[in-house]
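Novice: Let's see this in three dimensions:
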Amino acid sequence: MSALKNFLFNNTSDKQTIIKNTFWLAVGQVVGRLIRVLIIIYAARILGAESYGAFSYALSIAALLSILADLGINGTIVRELAKEEREKIIGTAITLKITLLFLIALMIPFLAPYLTNIKEAVILIPIATLIFIFDSIRDTGSAIARAKQKMEYESWAFIITNIAITTLGFTALYLNPNTLYLSIGYALGSLIGTIAIIYFIRNIKLNLLLSLKNLQIKKLLKISLPFAVVSIMGAVMINTDIVMLGWLTSAKETGLYSVAQRPIQLLYIFPGIIATSFFPLTAKLFKDHPERVPKLLEYGLSFLTLLALPTAIIGALFSQELINLFFGQIYEPAYLSLAILSLSIIFVFPSILIGNTIFATGHEKKLITYSLIGITGNIILNLLLIPSYGILGCALATLITQATINSYLIIKAKQILPFKIFKNIYKIIISAIIILLFGLILKNANVYFITNIIIISASYLIILKIIKEPIITIKNPHL
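Specialist: Residues are numbered from 1 along each chain as shown. This is a model prediction of the structure:
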């Protein structure tokens, strides 16, 4: 028991630290999001596509505001604290973050009527502003915990947040099944999670506020700007689809697309966990042993590809069945969008780790063009495709943009680090092609889709074992 406690709460070696951090992030993200899935599914069924679309729109506004208020500050905190830089930058970062939160919160009530054509969403935006404030503060606390490689703090805070949101969300819908009550419950749950992370990091000593003469705002902005650009790109890719659908279509279309998008966002936690676990160690290794970083990256990319390919296949093959099972036939028109978005997983999973590695090695300026292509490409394609194809066009815009920018990202990353991709994953690709064909055969034979998923998943692991894929062996040559 003592050895287990030491393993889970202390950092003793590079490999143990990655495993420990991955464990805690996985526990927090998987458990937390699975808990929240309950309220998402229930709310979608109770509210219907139109009202659920209004609620999703308000949450997307809150998420976008959180990114805009961050300006790359959280990423800067993680990297600079991981390198044990002086506290002046960190103090400046937190001071600036508080200022931005205050200014944006003041502006939103005046801007709310102009942010959407969905009347029901306009009423929810002031509450979404509170959610944005609580989420922003909690994210900053999590960044501090992450930088100190205390992912257990972040994990428990995330679980507490989602338990609170789910419990209060169910209570709100029981008392009065409408979007206003649900939003209030969501905001209160977010507040509880924020209080939790503040409590957990209370013993991490930081110079939180500095006198004005000591603020290093110019230096901070120079460091954080690339983080900000890429963070905004990520927010655009995830949330702007919903916002633009709210502008260009209807609340019902927004609700349908939100249902298709939710499972994909849930799956994005897995590469996020891996990338976040690797980040502090990558920053440290690049400073002390840069020759070890390419191998570390190759190991992570092999593992993420192993997860991405079967996940994309299952999502694309069984999108209609999955929509009907979890959300009901009222949301069935969203299944083609889910199938297309599932294919984006192939590009997104590895790109998250590559982007984080570029950050950790201090070359984040190379990502500015990548981010701008992503932002402008997604917006332009949405404007072109949504009017004609609705939510299907929105999904296509996301897939095309992800494929383009992540190919560009690999090219940029190879200019920094001499890592290899195909050499380490060709066996994984072969295995994925085999199970794709196998899954199509079983589907045409009318095998029940859950049985089909179980069979092809088991077959995938068996094939990888037979062809001796190194990533699933205990002693892995990539690391």
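Novice: switch to C-alpha atoms for all contacts and neighbour counts from now on
Specialist: OK.
Novice: what does the helix or strand harbouring G189 contact?
Specialist: G189 belongs to helix 179-200 when elements are defined using DSSP states H and E. Under the contact criterion CA atoms under 8 Å, 6 or more residues apart in numbering, helix 179-200 has outside partners 47, 51-52, 54-55, 123-124, 127-128, 130-131, 134-135, 137-138, 141-142, 153-154, 157-158, 160-166, 168-173.
Novice: Residue ranges of each domain in this protein, please.
Specialist: When the chain is parsed with automatic domain parsing, its domains come out as 12-215, 223-479.
Novice: The last one: how far from the chain's middle?
Specialist: Taking CA atoms, centre = their mean, to the nearest Å, one finds domain 223-479 lying 10 Å from the centre of the chain it belongs to.
Novice: Next: stretch 173-192.
Specialist: Worked out by CA atoms, centre = their mean, stretch 173-192 lies 23 Å from the chain centre.
Novice: Now that stretch: buried residues?
Specialist: Neighbour counts over stretch 173-192 (16 or more other CA atoms under 10 Å) mark 173, 177-192 as buried.
Novice: In terms of secondary structure, what does whichever strand or helix holds I61 contact?
Specialist: Using DSSP H and E, I61 falls within helix 32-70. Using 3 or more CA pairs under 8 Å, 6 or more residues apart in numbering; DSSP states H and E, the elements in contact with helix 32-70 are helix 87-111, helix 119-147, helix 151-175, helix 179-200, helix 217-235, helix 241-248, helix 251-267.
Novice: ranking the ones you listed by mean pLDDT, which is last?
Specialist: In terms of mean pLDDT, the lowest-scoring of the helices and strands packed on helix 32-70 is helix 217-235 (a mean of 58).
Novice: so what's F303 closest to, chain neighbours aside?
Specialist: Nearest residue to F303, sequence neighbours excluded (CA to CA, 6 or more residues apart in numbering): I471, at 6.4 Å.
Novice: Likewise for K412?
Specialist: Excluding the flanking residues, the one nearest K412 by CA to CA, 6+ apart is K366, at 7.0 Å.
Novice: burial of that neighbour, as a residue count?
Specialist: By the measure other CA atoms under 10 Å, the count of residues near K366 is 17.
Novice: what's the spacing between it and G355?
Specialist: As judged by CA to CA, to the nearest Å, K366 and G355 stand 10 Å apart.
Novice: what about the helices in the stretch 251-400 of the chain?
Specialist: For the stretch 251-400 of the chain, the helices defined by DSSP state H, counting those that start in this stretch cover 251-267, 269-288, 293-317, 319-326, 335-343, 345-360, 367-414.
Novice: For the first one, give me every contacting residue.
Specialist: Okay, so that is helix 251-267. Contacts to helix 251-267, defined as CA under 8 Å, 6+ apart, come from residues 33, 44, 49-54, 56-57, 118, 238, 242, 245-246, 323, 327, 331, 333-335, 337-338, 341-342, 345, 390-391.
Novice: If any of those are buried, put those into a ChimeraX selection.
Specialist: Selection of the buried residues among the contacts of helix 251-267 in ChimeraX, burial being defined by 16+ other CA under 10 Å:
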select :33,44,49,50,51,52,53,54,56,57,118,238,242,245,246,323,327,331,333,334,335,337,338,341,342,345,390,391
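Novice: R33 is in contact with A164, isn't it?
Specialist: No - the pair R33 / A164 is not scored as a contact, 12.0 Å apart, by CA atoms under 8 Å.
Novice: Residues contacting stretch 332-341, please?
Specialist: Defining contact as CA under 8 Å, 6+ apart, one finds that stretch 332-341 is touched by 256-257, 259-261, 264, 315-320, 323-324, 391-392, 394-396, 398-399.
Novice: Restrict those residues to the buried ones and give me that as a ChimeraX selection.
Specialist: Of these, the buried ones can be selected in ChimeraX as follows, counting by 16+ other CA under 10 Å:
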select :256,257,259,260,261,264,315,316,317,318,319,320,323,324,391,392,394,395,396,398,399
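Novice: ok, for L248, nearest residue in space, not its chain neighbours?
Specialist: Of all residues not flanking L248 in the chain, P387 sits nearest, at 6.9 Å (CA to CA, 6+ apart).
Novice: any idea of the mean pLDDT in stretch 62-77?
Specialist: Summarised as a single mean, pLDDT over stretch 62-77 is 65.
Novice: now do stretch 427-445
Specialist: Per-residue pLDDT values over stretch 427-445 give a mean of 92.
Novice: quick one on the thing from earlier: for the helix holding G189, the distance to its chain's centre please.
Specialist: 19 Å.
Novice: and the angle from it to helix 32-70?
Specialist: Helix 179-200 and helix 32-70 are oriented at 80 degrees to each other (axes from the mean of the first three to the mean of the last three CA atoms, to 10 degrees).
Novice: Right, I'll call it a day here.
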